[in-house]
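>>> Just need the structure, nothing else, for what follows:
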Amino acid sequence: MNAPAPKFLPKDYATDQEVRWCPGCGDYAILKGVQKTLADIQADPTKTVFVSGIGCASRFPYYMATYGFHTIHGRAPAIATGIKIANPDLDVWIVSGDGDALSIGGNHLLHLLRRNIDVQFLLFNNEIYGLTKGQYSPTSKIGTRSPSTPLGSVDSPVSATQFALGANARFVARAIDTQQKQMPEVLKRAHAHRGASFVEIFQNCIVYNDGAFDNFTAKDAADDNQLHLEHGKPMLYGKNRNKGLRMMPGVLKLEVVEIGKNGVTEADVLIHDEKNRMQALMLATLQPPAFPVALGVLYCDPAPTYEQAVAEQAKVVLARQPDGDLNKL
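Next comes the predicted model:
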């Protein structure tokens, strides 16, 4: 017997609004990936909400045929928190950029993650302020030349993934804008997770920071500089899958090894454990050329959500005072 045809297709989540990003912007690929994800999970548009702040990424709600809020700079997590507490049955997605989320919005993001509110937070990281014409952002590399740093940035950049882990996020993952096979799978995992899901998406800004991630996203660099994680599987990568990570003997530190050299076998390669926060923190720090960039789900360890706790408190109060009269109060 053939399976019934899906009710919603990716195109059903697209609006009639003109998509107004720069030609070649990575946001187009992310939009396509998100719409495919919603179709794959058959998300109900009437119960789905996209919330954004300010920046190029903030246009996202206009292009999704769901409910949406285009809010203010850095405050999307606060608005989303209110939405989720008021109506826990809604499926809430937050879309933000590296500037919006980690500069003026850093405090709000911190509390969203530590409270473990059941939302999906997508951080589009292009390491630059695109909407306001190319100033350096909290994730910009040292030496980045921009209108606000003409001699090169001297700021130490924020690692979005390390920030999320430090804020006690219970689900932390990474994806690349153009990887249309892998990104929807990561987003589906984030959606299935009950609690705050944080996904950093490396996104190219073709106008103000083109090629910022070429050292691991370019075709000729991808195989040797991308580590796609799978829970319970060895951390292997490389064109011939002959490179891997292992813990250095007697030291809490990762190293790259090559299978077949110096007696190294696949059994020596570290197994990915999604519930190991320390391992996730170490993976989050890896950068080319010495190490590959860790992609996929770095950490996943569910815990009770904030809105569940609030609802339980409300039940206790109502049980004590079931006939409360607001007018009398």
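>>> State the distance from Ala267 to Asn215.
30 Å (C-beta to C-beta, to the nearest Å). The C-beta positions use only the backbone N, C-alpha and C, and glycine is treated the same way.
>>> Output stretch 156-166 as CSV, nothing but the C-alphas.
Presented in CSV, the C-alpha positions along stretch 156-166 are these (Å, rounded to 0.1, in the frame of the first residue of the first chain):
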residue,chain,number,x,y,z
SER,A,156,38.8,38.6,20.4
PRO,A,157,35.8,37.0,18.6
VAL,A,158,33.0,35.2,20.4
SER,A,159,32.4,31.6,19.5
ALA,A,160,28.6,31.2,19.2
THR,A,161,28.7,27.5,19.9
GLN,A,162,30.9,27.9,23.0
PHE,A,163,28.7,30.7,24.2
ALA,A,164,25.6,28.4,23.9
LEU,A,165,27.4,25.6,25.8
GLY,A,166,28.5,28.0,28.5
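>>> Pull out the buried positions in that stretch.
Within stretch 156-166, the residues that count as buried by 16 or more other C-beta atoms under 10 Å are Pro157, Val158, Ser159, Ala160, Thr161, Phe163, Ala164, Leu165.
>>> Over to stretch 306-314?
Those buried within stretch 306-314 under the rule 16+ other C-beta under 10 Å are Tyr306, Glu307.
>>> Mind checking which of Ala267 and Asn215 has more residues around it?
Asn215 (13 against 9; other C-beta atoms under 10 Å).
>>> I would like the residues contacting the helix or strand encompassing that one, please.
Using DSSP states H and E, Asn215 sits in helix 214-217. If you take C-beta atoms under 8 Å, 6 or more residues apart in numbering as the criterion, helix 214-217 is touched by Ile176, Thr178, Phe202, Asn204, Ala221, Ala222, Asn225, Gln226, Pro288, Pro289, Pro292, Val293.
>>> For this protein, which segments are assigned as strands?
Ranges of strands in the chain, per DSSP state E, are 48-52, 67-70, 91-97, 120-125, 171-176, 197-202, 226-228, 236-237, 243-247, 254-258, 293-300.
>>> Let's have those strands in a markdown table, adding distance to His272 and mean pLDDT.
Output for these, formatted as a markdown table (distance: least, C-beta to C-beta, whole Å; pLDDT from 0 to 100):
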| stretch | distance to His272 | mean pLDDT |
| --- | --- | --- |
| strand 48-52 | 31 | 98 |
| strand 67-70 | 35 | 97 |
| strand 91-97 | 26 | 98 |
| strand 120-125 | 22 | 98 |
| strand 171-176 | 12 | 98 |
| strand 197-202 | 17 | 98 |
| strand 226-228 | 9 | 98 |
| strand 236-237 | 10 | 98 |
| strand 243-247 | 9 | 96 |
| strand 254-258 | 12 | 96 |
| strand 293-300 | 8 | 98 |
